[in-house]
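Undergrad: with the sequence up front, the predicted model follows.
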Amino acid sequence: MISLWGDMNRRGQVVVALALLLLLVAPLGATRYVLSVLTLILYFVYVGQAWNLMMGYAGQLSLGHALYVGLGGYVSAALWVHFGIGPWLGVFPAVAVAAAFGAAIGWLGFRFGIEGVYFALLTIAFAEFTRIGFDHIGFVGGAGGLFIPYEEQRLGQWWNLRGSQLFFYYLAFALAAAAVLLTALLARSRLGYQWIAIREDETAARALGIDVFRAKLKAVLISSSMTAIGGVFYAFYYNSLFPAQLFDMGRSIELILGPIVGGTGTVFGPVVGAFILTPLGEILISVTEHLGINAPGAKAVFFGLTLMTIIYLVPTGVWPWLSRKLGLARRRP
Amino acid sequence: MLAVRDLDVFYGDAQALDRVSFDVDEGSIVAIVGANGAGKTSLIRTIAGMIRPAHGGITFRGAEIAGWPSHRVCNLGIGQVAEGRQIFPSLTVGENLEMGALLPRAREKRQQQLDRVFAMFPILEERLKQTAGTLSGGEQQMLAIGRCLMGVPDLVMFDEPSLGLAPAIVQEVLRTIRELNREGLTCVLVEQNVAMSLKLANRAYVLENGRITLSGTGEELLADDRVRQAYLGM
């Protein structure tokens, strides 16, 4: 934390402090709708940051992170629905299951030298298999979905994640802030340096005596565990889980767009990315509605065009460009 | 210090090293010379634990290290300056050096080694915040050597340190190697540049098609007719 703060110049510190303050007091002036959008943004900051650790720092491309969201969500929701085990406790098995899947993918990929796009294919395969598998697990509702019932007497039991929109907003805020802090700490740690060396040149990293297999495995374990916590949040925020929705490839893509647009391998890239993309999606919905364009996919077309424009203008991400323009950070690690 | 015995290395069916044996005494400079494709880089990578030998032994200070993973070999004190330098071009000079000090054995001596590297290559301290890709070829070679020294090695294997450098810079790199050797570092120098490495070496081996065909002191090989004909063009 000290290193993160110390790495920023005065102007950067002011901007970050102001942003934090704004987010903390935002619920005072925000409508329920705005608050829900902000909650969604912060959720994407969190899961985007988890993915960023693995791709942006360790250089391992996962296109199946929806797997960990889904597993985290399903495990915690099933424990709550069937056994009454609250999410504060259920989060541990949820993380354990997701980490076990992460370990399996990592072990297979890294032990047998499956790299780059082939590793990405492996992550997609696992997510897809799991999706199909969950379609047939009756215990969690199969393709028909798993629902966390609305119970009047539990309303306001924030410790069971049965809180209000306001509660979920602050929970998402805490998660996002913690993820940013963790990334900043890891980026400056020995492990972070090992990741960066591997990302830059794996052969060189091995020649320097870095235990590449171990460092990459740690990246998958940390990333999948973090993402699973996001899944727990998702489950109790939306109260309904469908395999086709949770494990879908589109979900994995949606999760990684923020860090890519914001800038991978940076601490604030995923934050900036989420704050651009989620509102953009919302704006496009209302604009297309307003214009009366009801053609299916109209929003997706505009969204895609905007993405292409951003990537074309700032290929390394918005944050590195923005921080340079505003003179915020010294240099990215 | 290092003893290699009957090393066989294969890439699929192709044999890269064939019964290679050689010794490196503590404090010496050993040159392994040979043409392109003779197996020099394979030899270094096998000793470093990046390639598994099919057969043979590698003993370093009494430990049998053949087949060990590279991170364990490195942590014993065997460093390498790889062919083509393998610096991280988009990271800064400082970050590159930092990467060399990630070994467990180097952790506590980080600052001390950093001072040593800066004393040896003042240019690296000047360029500390510059991205490594913007350095000149010679400076990049200095950085690669400096980064290797950050791991506090006792033996360093230099793979073609003269590759792609101007003659004046090559001389500077060789002076550096001699200087490091004088400070106690054992050096294995693998080179295509036969004349200059034989002049530098206490002991030298000629590697041809994966086999050691000649060995002797540097001076002996410099005077050998076969070496003069095949490698020195005399």
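TA: On my side now, so go ahead.

Undergrad: what are the ranges of the strands in chain B?
TA: Ranges of strands in chain B, per DSSP state E, are B:2-11, B:14-24, B:29-33, B:55-60, B:63-64, B:78-81, B:155-159, B:186-191, B:203-208, B:211-217.

Undergrad: out of these, which is the most enclosed?
TA: strand B:78-81 (a mean of 28; mean count of other Cβ atoms under 10 Å in any protein chain shown). For every residue, glycine as well, the C-beta is placed using N, CA and C.

Undergrad: related to what we said a few turns ago, select, out of the strands of chain B, the one closest to A:Tyr74.
TA: Across those, the minimum distance to A:Tyr74, taken as Cβ to Cβ, is reached by strand B:2-11, at 45.8 Å.

Undergrad: partner strands of that closest one, parallel or antiparallel?
TA: strand B:14-24 (antiparallel), strand B:55-60 (antiparallel) (DSSP bridges).

Undergrad: how far does that strand sit from its chain's centre?
TA: 16 Å (Cα atoms, centre = their mean, to the nearest Å).

Undergrad: mean pLDDT added to the strands paired with strand B:2-11, as CSV?
TA: Converted to CSV, the strands paired with strand B:2-11 look like this (pLDDT from 0 to 100):
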stretch, mean pLDDT
strand B:14-24, 94
strand B:55-60, 95
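
Undergrad: OK, contacts around A:Val212?
TA: By Cβ atoms under 8 Å, 6 or more residues apart in numbering or on different chains, A:Val212 lies in contact with A:110, A:198, A:202, A:205-206, B:71.

Undergrad: redo that, cut-off 10 Å
TA: A:Val212 makes contacts with A:58, A:110, A:194, A:197-198, A:202-203, A:205-206, B:69-71, as judged by Cβ atoms under 10 Å, 6 or more residues apart in numbering or on different chains.

Undergrad: now render those as a markdown table, adding secondary structure, pLDDT and distance to B:Gly137.
TA: Shown next, in a markdown table, are those (DSSP: H, G, I helix; E, B strand; the rest coil; pLDDT from 0 to 100; distance: Cβ to Cβ, whole Å):
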| residue | secondary structure | pLDDT | distance to B:Gly137 |
| --- | --- | --- | --- |
| A:Ala58 | coil | 97 | 30 |
| A:Phe110 | helix | 94 | 33 |
| A:Gln194 | helix | 96 | 27 |
| A:Ala197 | helix | 96 | 22 |
| A:Ile198 | helix | 96 | 25 |
| A:Glu202 | helix | 94 | 23 |
| A:Thr203 | helix | 92 | 20 |
| A:Ala205 | helix | 95 | 22 |
| A:Arg206 | helix | 94 | 23 |
| B:Pro69 | coil | 95 | 31 |
| B:Ser70 | helix | 95 | 26 |
| B:His71 | helix | 95 | 29 |
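
Undergrad: any chance of JSON lines for those, columns neighbour count and distance to A:Ser286?
TA: Listed next are these as JSON lines, based on neighbours: other Cβ atoms under 10 Å in any protein chain shown; distance: Cβ to Cβ, whole Å:
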{"residue": "A:Ala58", "neighbour count": "28", "distance to A:Ser286": "38"}
{"residue": "A:Phe110", "neighbour count": "20", "distance to A:Ser286": "45"}
{"residue": "A:Gln194", "neighbour count": "24", "distance to A:Ser286": "45"}
{"residue": "A:Ala197", "neighbour count": "28", "distance to A:Ser286": "46"}
{"residue": "A:Ile198", "neighbour count": "22", "distance to A:Ser286": "43"}
{"residue": "A:Glu202", "neighbour count": "16", "distance to A:Ser286": "46"}
{"residue": "A:Thr203", "neighbour count": "14", "distance to A:Ser286": "50"}
{"residue": "A:Ala205", "neighbour count": "28", "distance to A:Ser286": "48"}
{"residue": "A:Arg206", "neighbour count": "23", "distance to A:Ser286": "52"}
{"residue": "B:Pro69", "neighbour count": "17", "distance to A:Ser286": "56"}
{"residue": "B:Ser70", "neighbour count": "24", "distance to A:Ser286": "56"}
{"residue": "B:His71", "neighbour count": "21", "distance to A:Ser286": "54"}
